[in-house]
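Trainee: how does the following fold in three dimensions:
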Amino acid sequence: MTSSIGTSSFESGRAGKIKLSGSSLYIQHGGTIISQTYSEGNSGNIEVTFSDEVNIAGGLIFDSNPLDDIITPDGTTTSVIGTTTLVVGDAGNVIIETEKLKLLDGGRVNSTASFTGNAGDIIVNANDSINIQGRFLGIDENNIRNRSQIISSAEAVDPGIAAFFNIPEDLQAQSGSVILNTNQLNVQDKGLISVINQGSGDAGNIEINAPNIYLNNQGDISASTLSGQGGNIILTTDQLQLIDESNISTSAEGLGDGGNITIDTDTLLAVENSDITATAVQGDGGNITITSGAILGIEERPLDPNTSDIDASSQFGQDGTVAISDPQVFIQDPIIAIREIDIEEPNEKLKNKCGNDTLDDRKQGLLVYTGRSGFSAEPDEFSDDEQYFPEPGYVAPPEEEPEDGDFPIWKEGDPLIEANAIRVDSNGEIYFVAELSPESAESLLCGARELEEEPAQN
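Mentor: Purely as a prediction, here's the structure:
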């Protein structure tokens, strides 16, 4: 059994508005705040204003209920704030004012129209942050409705519901728009921001204003249509990061044109097969415009699963255009600092890269034992008062001078080398640095060794 606050209309007429306010709002375990109509008429607007936090998380699994749009055909329901219309009429708008908005483990904010009319707009003003993360692990883990998301959509309903309410199959509704204003936007672990139209209508637009936008682990921002015009995506930010198969995309599958993508940011970082795309099938591809001072790890090229790409193309129509302002820093495929090392075969992994000799053939290092320095011989024993001293003749190495920070500082007279990597110091500051590729490092080290091993000439 779920808890619910709602207004609804089963005959002709409007559903009522919902307006809530307070300090914190928690909707969990399949709870709902929803306004919906099942016949002709508009659903009401939902306005929630909470000074501290709005938290929408989780869901439930139980038998399907054909009269409730929030329960999917696979018998799952997720926590939601939403407006819906099933037949004729416009879905209401959803407006959220808060400090922090959290959508976790399948939590949703949505507005949906299912035959004719318009889905409502979703407007979120969160002073501190918006966090959209994870999915509800229901019966069908691939069901898009089980992802944490903000979505305005025109969607075809389940055939059983369509038959019950005599809803025609010709979906003509229009999607609404999504407008987000916050300081920090996080979309990760399959989180989603979307406008979608599964019928002949157009998709709405997505507009995001946030100094920091972070997409990670298949976090997506998308605008798509089945046969209408694709929606547009407009991002205004200082830092935009796409990591680990995260995407910003517009698409049109039928005759419609792909939507446009406009990005205005100080820095753009995209790595690990994260793409920015505006595509179409029979219509024209959308246009992509990027204004940025630094672009790292991504470039315009056809889609490749091994790289991060910018692509504005159409399968059968005219390709769109990609316009990128001249950035001060443009690094393609930067070196990634984190690398996994398999040491199951250390003799192979650590062999001399300048030749074919193995670890056993090389000059070995030296381990000097200096005593236990007061530690007990076994973990469950106590240390006695005996003093331990280094072996006779041992000379401690000189202490190294501390460096002036985490990175070497360039000084006048040093060579200028183009940056090719990003490093973050212990204080979280981002640095552009020059690093040797593995091939360059091998060449340099092996060359030095060859000079060292050459016999002296008489």
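Trainee: low-scoring pLDDT stretches of the protein, where are they?
Mentor: Where the chain drops to pLDDT under 70, the residues are 1, 62-75, 139-141, 157-168, 332-411, 415-458.
Trainee: helix/strand/coil for residue 327?
Mentor: Using DSSP: H, G, I helix; E, B strand; the rest coil as the criterion, the local structure at residue 327 reads coil.
Trainee: distance of it relative to residue 133?
Mentor: 30 Å (Cβ to Cβ, to the nearest Å). Yep, even glycine has a C-beta here, placed from its N, CA and C like the rest.
Trainee: just residue 41 next, same as before
Mentor: Distance, residue 41 to residue 133, by Cβ to Cβ: 35 Å.
Trainee: likewise for residue 307?
Mentor: Distance from residue 307 to residue 133, by Cβ to Cβ: 26 Å.
Trainee: ok, residue 272 next?
Mentor: For residue 272, the distance to residue 133 - Cβ to Cβ - is 18 Å.
Trainee: and those two? Which one has more around it.
Mentor: The neighbour count for residue 272 versus residue 133, taken as other Cβ atoms under 10 Å, is higher for residue 133 (21 against 16).
Trainee: which residues touch that one?
Mentor: Residue 133 makes contacts with 102, 103, 104, 105, 148, 186, 187, 188, 189, 191, as judged by Cβ atoms under 8 Å, 6 or more residues apart in numbering.
Trainee: run through the bridge partners of it.
Mentor: residue 104, residue 188 (DSSP bridges).
Trainee: return the residues in contact with residue 126.
Mentor: Going by Cβ under 8 Å, 6+ apart, the list of residues near residue 126 reads 96, 98, 99, 100, 101, 180, 181, 182, 183.
Trainee: could you do residue 226 as well?
Mentor: By Cβ under 8 Å, 6+ apart, residue 226 lies in contact with 197, 198, 199, 200, 253, 254.
Trainee: columns distance to residue 126 and neighbour count on top of these, output as TSV?
Mentor: What follows is these, written out as TSV (distance: Cβ to Cβ, whole Å; neighbours: other Cβ atoms under 10 Å):
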residue	distance to residue 126	neighbour count
197	26	31
198	29	20
199	31	23
200	34	18
253	32	19
254	35	13
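Trainee: any idea which of those is closest to residue 262?
Mentor: The closest of those to residue 262 turns out to be residue 197 (Cβ to Cβ; 20.2 Å).
Trainee: that closest one pairs with what?
Mentor: Here residue 197, judged by DSSP bridges, has bridge partners residue 154, residue 225.
Trainee: repeat for residue 212
Mentor: Counting by DSSP bridges, residue 212 is bridged to residue 184, residue 239.
Trainee: isn't residue 274 up against residue 215?
Mentor: Yes. Under the criterion of Cβ atoms under 8 Å, residue 274 makes contact with residue 215 at 7.2 Å.
Trainee: what do the two both touch?
Mentor: Joint contacts of residue 274 and residue 215 (Cβ under 8 Å, 6+ apart) are 242, 243, 246, 247.
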